[in-house]
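Engineer: no sequence for this one, just the structure:
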């Protein structure tokens, strides 16, 4: 009898200990937060030295972790870039998911799928994967996770700012989470995507603006860049509120925080272009106790590396088809190969050519150099100059739909004959050679093509 009771007691103790250990393992699984702005070039954070952009919360993530100064998006357009991040594969490997405004077939596995299968609660607010039709691809939800967009801002925001209260929706997600349940959340701001308020700023504010060398240094450019900066600040403010929710829940130190952007600024010769301002994006990663504080890494990294990093941090096997390299080793102080190459590319951005023809590009960054391949140099990079409307050809220079409507675009079109403005107009819309080669350290604006230099 005593032996039976003793054996029962031992079994009970062992089972209790096993359950406790399992619960501890579950509780210690890394949480994942990805914050991704929409159309935001790498130079435009205050920690990077921008005099007109204020990003205290991005800076705080970088100061508590690692800033990657040479991070490259999967594409200079949002939909294929986000798909590359989600699948861990380059956009040319994932069929319709790798182009703009198409579908996202269910047979392309995402890191979100892997996390959910491993017991993670998954969600997103704002813009997930898109634009495109994920339902047509056989999915039951957006590839970024379960949608949390119900809560709206109490005060009507300025023109161009989303009414979604991103931080409040994250709080709702966290409130619904079971105790100890590991989670992944995607905060996808709609900012600083066009359109903008165009409401006017002071001369003192305009004087602080640094206009890239491929845009005219005019009041229109300065005003647009200040609107852009206002929207980046909105993104950053909600990032701060989300980090505060994490801290209040006691989860900040156990959360891998990745802050980046899907592609570059929505200006001519930036977004939708295989140049630095189209694909070079901000990136900071924080994971308390798991990374060396305040490091700056200059070796190029790509979006497919982030996909691998997420699953590595979660302690999960990285699917064979994921082509990136986990950055956890870098966060622990190891060095990347400084001659590694990272890739980006695009097929189609908008329906801007006859019969919806694309303008394919492939880009490779290695060391100090960026090479851009334009395999269809006979096509116009910003879209055809004219289009058919109701069977009639529109006037010259009335299309260029790969450039989003903006103050700068309107100025370039209206004043294209002006001696000063015409240079920037032609930089944005003229046909380009098949190969272009740039030293991005000396020429970050990609104005000095070295492809014919021996």
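Structural biologist: Great, that's in hand. Please read these numbers as outputs of a predicted model, since none were measured by experiment.

Engineer: check which helix or strand residue 220 maps to.
Structural biologist: Per DSSP states H and E: residue 220 is located in helix 219-248.

Engineer: quick check: buried residues in that helix?
Structural biologist: Residues of helix 219-248 classed as buried: 220-239, 242-243, 245-246 (neighbour count, 16 or more other Cβ atoms under 10 Å). Yep, even glycine has a C-beta here, placed from its N, CA and C like the rest.

Engineer: average model confidence for the helix or strand immediately after it in the chain?
Structural biologist: On the C-terminal side of helix 219-248, the nearest following helix or strand under DSSP H and E is strand 255-261. In this model, strand 255-261 has a mean pLDDT of 98.

Engineer: which residues sit against the very next helix or strand once past strand 255-261?
Structural biologist: Under the assignment DSSP H and E, the closest C-terminal helix or strand after strand 255-261 is helix 276-279. With Cβ atoms under 8 Å, 6 or more residues apart in numbering as the contact definition, helix 276-279 has outside contacts at 41-42, 72-73, 75-76, 212, 214, 263-265, 267, 269-272, 344, 363, 370, 438, 440, 444-446.

Engineer: go on, stretch 214-227?
Structural biologist: Residues from elsewhere that reach stretch 214-227 (Cβ under 8 Å, 6+ apart): 52, 160, 192, 196-201, 205-206, 209, 211, 267-270, 277, 406-408, 410-412, 420-421, 424, 427-428, 445-447.

Engineer: give me the buried subset of those.
Structural biologist: For the contacts of stretch 214-227, buried by 16+ other Cβ under 10 Å: 52, 160, 192, 196-197, 201, 206, 209, 211, 267-270, 277, 406-408, 411-412, 421, 424, 427-428, 445-446.

Engineer: what's around residue 85, how many residues?
Structural biologist: 31 (other Cβ atoms under 10 Å).

Engineer: buried stuff in stretch 430-437?
Structural biologist: 432, 436, 437.

Engineer: quote the end-to-end distance of it.
Structural biologist: By Cα to Cα, to the nearest Å, the extent of stretch 430-437 from end to end equals 17 Å.

Engineer: from the centroid of the protein, which residue is nearest?
Structural biologist: Note on the chain: the residue nearest the mean C-alpha position is residue 262, at 2.2 Å, using Cα atoms, centre = their mean.

Engineer: state the distance from that one to residue 442.
Structural biologist: Counting by Cβ to Cβ, to the nearest Å, the gap from residue 262 to residue 442 is 27 Å.

Engineer: and what of residue 390?
Structural biologist: From residue 390 to residue 442 the distance is 49 Å (Cβ to Cβ).

Engineer: of the two, who's got more company?
Structural biologist: Taking neighbours as other Cβ under 10 Å, residue 390 and residue 442 compare with residue 442 leading, 9 against 5.

Engineer: residues in contact with residue 85?
Structural biologist: 36, 74, 262, 303, 304, 306, 307.

Engineer: gap between the residue nearest to it when sequence neighbours are not counted and residue 149?
Structural biologist: Of all residues not flanking residue 85 in the chain, residue 303 sits nearest, at 4.4 Å (Cβ to Cβ, 6 or more residues apart in numbering). Distance, residue 303 to residue 149, using Cβ to Cβ: 24 Å.

Engineer: which of those two has more neighbours?
Structural biologist: Legend: neighbour count by other Cβ under 10 Å for residue 303 and residue 149, higher for residue 303 (31 against 17).

Engineer: pretty sure the more buried one is touching residue 80, no?
Structural biologist: No. Counting by Cβ atoms under 8 Å, residue 303 does not reach residue 80; the two are 10.2 Å apart.

Engineer: how about the secondary structure of residue 216?
Structural biologist: The three-state label given to residue 216 by DSSP: H, G, I helix; E, B strand; the rest coil is coil.

Engineer: count the neighbours of it for me.
Structural biologist: Residue 216 has 21 neighbouring residues, counting by other Cβ under 10 Å.

Engineer: any idea of the pLDDT on it?
Structural biologist: 98.

Engineer: tell me the spacing between it and residue 262.
Structural biologist: From residue 216 to residue 262 the distance is 26 Å (Cβ to Cβ).

Engineer: my guess is residue 120 meets residue 315, correct?
Structural biologist: No. Judged on Cβ under 8 Å, residue 120 makes no contact with residue 315 at a distance of 11.3 Å.

Engineer: who's more crowded, these two?
Structural biologist: Under the criterion of other Cβ under 10 Å, the comparison of residue 120 against residue 315 puts residue 120 first, with 22 against 12.

Engineer: model confidence at the more buried one, what's the number?
Structural biologist: The predicted local confidence for residue 120 is 98.

Engineer: check residue 137 too.
Structural biologist: The model's pLDDT for residue 137 equals 91.

Engineer: how about the contacts made by it?
Structural biologist: 96, 97, 103, 104, 105, 106.

Engineer: so residue 347 touches residue 360, yeah?
Structural biologist: Yes. Residue 347 is in contact with residue 360 according to Cβ under 8 Å; the separation is 5.3 Å.

Engineer: how near is the closest residue to residue 158 other than its chain neighbours to residue 83?
Structural biologist: Once flanking residues are discounted, residue 158 sits nearest to residue 197: 4.8 Å by Cβ to Cβ, 6+ apart. The spacing between residue 197 and residue 83, counted by Cβ to Cβ, is 30 Å.
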